[in-house]
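Enquirer: sharing a model that was predicted from the sequence below.
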Amino acid sequence: MSVLKTYRRPNNVWWWRKAAYRSFVLRELSAFFIFAYALVLLQGLYYMTRGEKDYEQWRIALSHPASLTFHAVVLIFVVIHSVTWFQVAPKTMPTLRWHGVPVPQARITLAGLTLACVGNVAVLLIAAFWGGWQ
Amino acid sequence: MTQPRMIQIECLRYHPETDSEPHWQTFDVPFTDDMSVLQGLQHIKDTLDGSITFRWSCRMAICGSCGMMINGVPHLSCETFLRDFYPGPVRVEALENMPIQRDLAVDQSRFLKALQSITPYIVATQESTSPTPAVPAAPALATNQSPARMAAYYQYSQCINCLLCYAACPQVGLNENFAGPAALTLMHRYNNDPRDAGWAVRSELANSNDGVWGCTLVGYCSEVCPKGIDPAHAVNQNKIHSAFDYTGLKTLLEKK
């Protein structure tokens, strides 16, 4: 049997060529920003264990313009991660059925995003009313 | 009757005996509103250049032969209409992530090999009594299917092997050993069938990096499927099976 001569096209910058690929890359990339923010929170916990003075200094450092810029960038990536994560979440779970009919995936995504928004607003309100947020 | 309009079809051409790499060729094609891209290509073959090569058969999105990239998106050319691209041009090329055999025809051998490797048939729940080991015996007792049991796998059995999902999946392009969305979707079809007991023969591939774990959940395969199947969901359901298999939970939870 003769060997088939074929042509393989180059696959350069595949990750940015289509909207679906960009969404995937942003979802994975944004996880690093969330990891970085987790480190900032851990740092806060560490300073808290060292006493009130150190903790206050850490809080003052958070209001530095560089820190505020970092937090703004992280916030953008957290929103990107949340949206893209909830978009694929229905594909990772068994089919949900309501009275025997599969629940549309878009509805699961919307429900997840709504819960995430409500949860975040609730935490902010609790912090505001209980005085932890000054 | 509507007067024909003209549209340019740009086609990626490759002749394995004369070309070192593909090149674009442009054709001016008259079309009416009811003409598909496939019919545009047939017009080229019949009247402009008889050497242009493409696969087709049923012309009604059933056979899965005429998949190609149309303006960069994997489509069945028989159900994609030229009127939607007017004033054009329309760029057609062979499905991405697969080697070009000639013009718009790709080498499908990779998919056919993957299809064989997932044991694409019901493996009987009883001990095989078939004289030929490679051919499993039918179940000794017929297993009735309720609508609910059938619903668990029906959509995954609708694959027409058009390979649009292979063109959509970046992992297919990056890892040439990856079994790919369609083959893994069919694997899920059989794993999800209550008459089947074939996980043991499919688990080695499923659990490997070239099986379900080769998928990074881009999800574009589900967007382009012309039959409304959700390959990304099928593959990721088998990640659950595979994780249960790894931890031993699958054996504990198995009711069959």
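Expert: Right, received. Where do you want to start?
Enquirer: for B:Trp24, what are phi and psi?
Expert: Backbone geometry at B:Trp24, expressed as degrees, to the nearest 10, gives phi -90, psi 140.
Enquirer: and it, what does it touch?
Expert: By Cβ atoms under 8 Å, 6 or more residues apart in numbering or on different chains, B:Trp24 lies in contact with B:Glu10, B:Cys11, B:Leu12, B:Arg13, B:Arg91. To be clear about C-beta, it is placed using only N, CA and C from the backbone, and glycine gets the same treatment.
Enquirer: now, the residues you listed that are in strands?
Expert: The strands, defined by DSSP state E, take in B:Glu10, B:Cys11, B:Leu12, B:Arg13, B:Arg91 from those.
Enquirer: what are the boundaries of the helices in chain A?
Expert: Here chain A has its helices, by DSSP state H, at A:19-49, A:52-62, A:65-92, A:105-129.
Enquirer: looking at those, spot the one closest to B:Leu76.
Expert: helix A:19-49 (18.4 Å; Cβ to Cβ).
Enquirer: flag the shaky bits of the chain, pLDDT-wise.
Expert: Reading this off chain A. For chain A, the stretches with pLDDT under 70 are A:1-2, A:132-134.
Enquirer: ah, I was thinking of chain B
Expert: Using pLDDT under 70, chain B drops low at B:1, B:125-143, B:251-252, B:254-256.
Enquirer: so which residues on it come close to chain A?
Expert: B:14, B:16-17, B:19, B:21-22, B:72, B:96-97, B:99-101, B:107, B:109, B:148, B:168, B:170, B:173-174, B:216-220, B:222-223, B:230, B:232-233, B:236-237, B:239-240 (Cβ under 8 Å from any Cβ of the partner chain).
Enquirer: go again with 6 Å.
Expert: By Cβ under 6 Å from any Cβ of the partner chain, the residues of chain B that approach chain A are B:14, B:16, B:99-101, B:107, B:170, B:173, B:217-220, B:232-233, B:236.
Enquirer: is it possible to mark the buried ones in these?
Expert: Buried subset of the residues of chain B next to chain A (neighbour count, 16 or more other Cβ atoms under 10 Å in any protein chain shown): B:14, B:99-101, B:107, B:170, B:173, B:217-220, B:232-233, B:236.
Enquirer: show me those residues that map onto strands.
Expert: Per DSSP E, these map to strands at B:Ile100, B:Gln101.
Enquirer: pick out the residue of the stretch 101-250 of chain B closest to chain A.
Expert: Going by Cβ to the nearest Cβ, chain A is nearest to B:Tyr220 of the stretch 101-250 of chain B, at 3.8 Å.
Enquirer: so that residue touches A:Tyr21, yeah?
Expert: No - between B:Tyr220 and A:Tyr21 there is no contact under Cβ atoms under 6 Å: 7.1 Å.
Enquirer: quick one, strands of the stretch 51-200 of chain B?
Expert: According to DSSP state E, counting those that start in this stretch, the stretch 51-200 of chain B carries its strands in the segments B:67-70, B:73-76, B:90-93, B:100-102, B:105-106.
Enquirer: may I see the buried residues of stretch B:218-232?
Expert: Judged by neighbour count (16+ other Cβ under 10 Å), stretch B:218-232 contains these buried residues: B:218-226, B:229-232.
Enquirer: switch these over to CSV; also include distance to A:Leu42.
Expert: Conversion of these to CSV gives the following (distance: Cβ to Cβ, whole Å):
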residue, distance to A:Leu42
B:Val218, 31
B:Gly219, 32
B:Tyr220, 36
B:Cys221, 38
B:Ser222, 37
B:Glu223, 38
B:Val224, 42
B:Cys225, 43
B:Pro226, 48
B:Ile229, 43
B:Asp230, 38
B:Pro231, 39
B:Ala232, 34
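Enquirer: report the two of the residues you listed separated the most.
Expert: Across the buried residues of stretch B:218-232 (Cβ to Cβ), the longest gap, 18.1 Å, separates B:Val218 and B:Pro226.
Enquirer: most tightly packed of the strands of the stretch 51-200 of chain B?
Expert: strand B:67-70 (a mean of 25; mean count of other Cβ atoms under 10 Å in any protein chain shown).
Enquirer: which strands or helices does it pack on?
Expert: Judged by 3 or more Cβ pairs under 6 Å, 6 or more residues apart in numbering or on different chains; DSSP states H and E, strand B:67-70 is in contact with strand B:90-93.
Enquirer: direction included, what does the strand it packs on pair up with?
Expert: strand B:5-13 (parallel), strand B:67-70 (antiparallel) (DSSP bridges).
Enquirer: dump these to TSV, plus distance to A:Leu62.
Expert: Below are the strands paired with strand B:90-93 laid out as TSV (distance: least, Cβ to Cβ, whole Å):
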stretch	distance to A:Leu62
strand B:5-13	55
strand B:67-70	50
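Enquirer: out of those strands, nearest to B:Arg202?
Expert: strand B:67-70 (25.9 Å).
Enquirer: how far away from the center of its chain is that closest one?
Expert: Distance, stretch centre to chain centre, for strand B:67-70: 12 Å (Cα atoms, centre = their mean, to the nearest Å).
Enquirer: and the contacts of it?
Expert: Residues from elsewhere that reach strand B:67-70 (Cβ atoms under 6 Å, 6 or more residues apart in numbering or on different chains): B:Val37, B:Leu76, B:Ser77, B:Thr80, B:Val92, B:Glu93, B:Leu95, B:Glu96, B:Leu104, B:Cys162, B:Leu163, B:Leu164.
Enquirer: try 10 Å this time
Expert: B:9, B:11-12, B:37-38, B:41, B:54-56, B:74-78, B:80, B:82, B:84-85, B:90-96, B:103-106, B:160-168, B:224, B:226 (Cβ atoms under 10 Å, 6 or more residues apart in numbering or on different chains).
Enquirer: cool, and stretch B:107-115?
Expert: By Cβ under 10 Å, 6+ apart, stretch B:107-115 touches A:4-8, B:55, B:94-95, B:97-101, B:120, B:159, B:161, B:163, B:165-166, B:172, B:176-184, B:186-187, B:205, B:210-211.
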